[in-house]
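In: Build me a model:
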Amino acid sequence: MTSVLTQSAVTVRYYDGQTARAHAGILSPPDESGWVVVVVDAVQYRLNLHRARIRAAIGDTPPCLEFADDVCVELVEMSFPDWLIPADWTESRPAQVRRLWLSRIHLWEQSPRWILAGLLLTLIMVFGLLEYGVPVIARQTAYALPTHTLDDLAVSTLQQLDHETLKPSQIPLVRQTQIEQEYEYWVADTPAPHLIFRHGGAMGPNAFALPDGRIVVTDELVDLIRHDFELMAVLAHETGHVERRHALRQIIANDSIRALLIAITGNTTHVLSDVPTEFIGLTYSREFEREADDFAYQRMTERGIPLHYFSDLLSRLAQPEQHDLKATLQGYLSTHPAISERLIRFQKAPAGA
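Out: This next block holds a predicted model:
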């Protein structure tokens, strides 16, 4: 170990690792073997600088050297003396960067220019992760999970819904069987996922896919349709959710967003992590709905189901759209794209489709 530039001792606060009390002391420069001496009340403590963990100054907290057994040497001044950084650290580019980081970080974090630069960099990284990273992670993870994981998640989801909202279906068994057979003929290209019929209650006319591929159809939806092709159009849409594993991807995406927010803010409070997570997650939900619509369009086109049946049913399900500020805000908080957006593609289908 060689010392560089200034060779003067510096004032420090010495913590012996036994108590929280700080002892005023003097830290001398290292010898050729890297040993430093801290003098506290005429008592000398020899420490090996090579075994120290150097902590840079942050905020009003000065830099310090951490040793084994919780021994800590805290500098009084905010900057390191030149001799404290081992000379061999300057022999490589990474070492030079670390030396610069340790000696300047407390200045950078107080500079408005660097604060703004750090904020912009953080925003860019967060945007990149939300726009590209999270969707990729969710997609790759969803397709990598074993089948039994999807089965367990679907069972627990359906049990919760049966307990809180859904009731046994009142649709005759003959009608249920007819719908299942039509679904297998018109929509499914593999052994069809089992259709589950339930009385929707407060949920009303609806259909949704479970993570294991089963599709729940409410009695209210069956009662609403005027032609079975309308129901096949809805089931084609839900099959798109099944094929793309949207339900599972939504769960994984929300968990990833929540972990990212906690990592950035360091706060695990539910309000500060769950509310932004749900809000950001709506973006993925709307995109999943567009993908499912695309799947339904393709499947209906391939199987010869007239496309207008999708828009006919969607129009009857939709409430009249408004175009004021309140409606705009509601659009941002919706899990689905605007009805007008979804109808355009199917209403502009080629004649005879």
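In: At which residues are the strands of the chain located?
Out: 10-15, 23-27, 35-40, 43-48, 53-55, 64-66, 72-75, 167-168, 195-199, 207-209, 215-218 (DSSP state E).
In: what's the most buried one of the ones you listed?
Out: Highest mean neighbour count among these (mean count of other C-beta atoms under 10 Å): strand 215-218, with a mean of 24. To be clear about C-beta, it is placed using only N, CA and C from the backbone, and glycine gets the same treatment.
In: Name the strands paired with it and say parallel or antiparallel.
Out: The pairing partners recorded for strand 215-218 under DSSP bridges are strand 195-199 (parallel), strand 207-209 (antiparallel).
In: mind giving me CSV with these and columns for mean pLDDT and distance to D151?
Out: CSV is the format used below for the strands paired with strand 215-218 (pLDDT from 0 to 100; distance: least, C-beta to C-beta, whole Å):
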stretch, mean pLDDT, distance to D151
strand 195-199, 96, 14
strand 207-209, 92, 14
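In: would CSV of the ones you listed with distance to R244 be doable?
Out: CSV is the format used below for the strands paired with strand 215-218 (distance: least, C-beta to C-beta, whole Å):
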stretch, distance to R244
strand 195-199, 19
strand 207-209, 10
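In: Between the ones you listed, which one is closest to N48.
Out: Nearest of these to N48, taken as C-beta to C-beta: strand 207-209 at 62.4 Å.
In: For that closest one, which outside residues touch it?
Out: With contact meaning C-beta atoms under 8 Å, 6 or more residues apart in numbering, strand 207-209 is reached by 215-218, 221, 234-235, 237-239, 241-242, 246-247.
In: Show me how far the longest helix seen in the chain is from its chain's centre.
Out: Longest helix of the chain, by residue count under DSSP state H: helix 270-303. What separates the centre of helix 270-303 from the centre of its chain is 15 Å, taken as C-alpha atoms, centre = their mean, to the nearest Å.
In: List the buried residues in it.
Out: Going by neighbour count (16 or more other C-beta atoms under 10 Å), the buried part of helix 270-303 is 273, 277, 280-282, 284-286, 288-289, 291-293, 295-297, 299-300.
In: mean confidence score for it?
Out: The pLDDT scores in helix 270-303 average 82.
In: what helices or strands is it leaning on?
Out: helix 134-144, helix 228-244, helix 246-265, helix 308-317, helix 339-347 (3 or more C-beta pairs under 8 Å, 6 or more residues apart in numbering; DSSP states H and E).
In: let's see it at 10 Å
Out: When contacts are defined as 3 or more C-beta pairs under 10 Å, 6 or more residues apart in numbering; DSSP states H and E, helix 270-303 packs onto helix 134-144, helix 173-186, helix 228-244, helix 246-265, helix 308-317, helix 325-332, helix 339-347.
In: between the ones you listed, which one is nearest to L65?
Out: helix 246-265 (27.9 Å).
In: Endpoint to endpoint, stretch 24-41 covers what distance?
Out: 8 Å (C-alpha to C-alpha, to the nearest Å).
In: just stretch 155-172 next, same as before
Out: Stretch 155-172: ends 24 Å apart by C-alpha to C-alpha.
In: from here on, count from 42
Out: I'll keep to 42 as the first residue from here, and by that count the last item is stretch 196-213.
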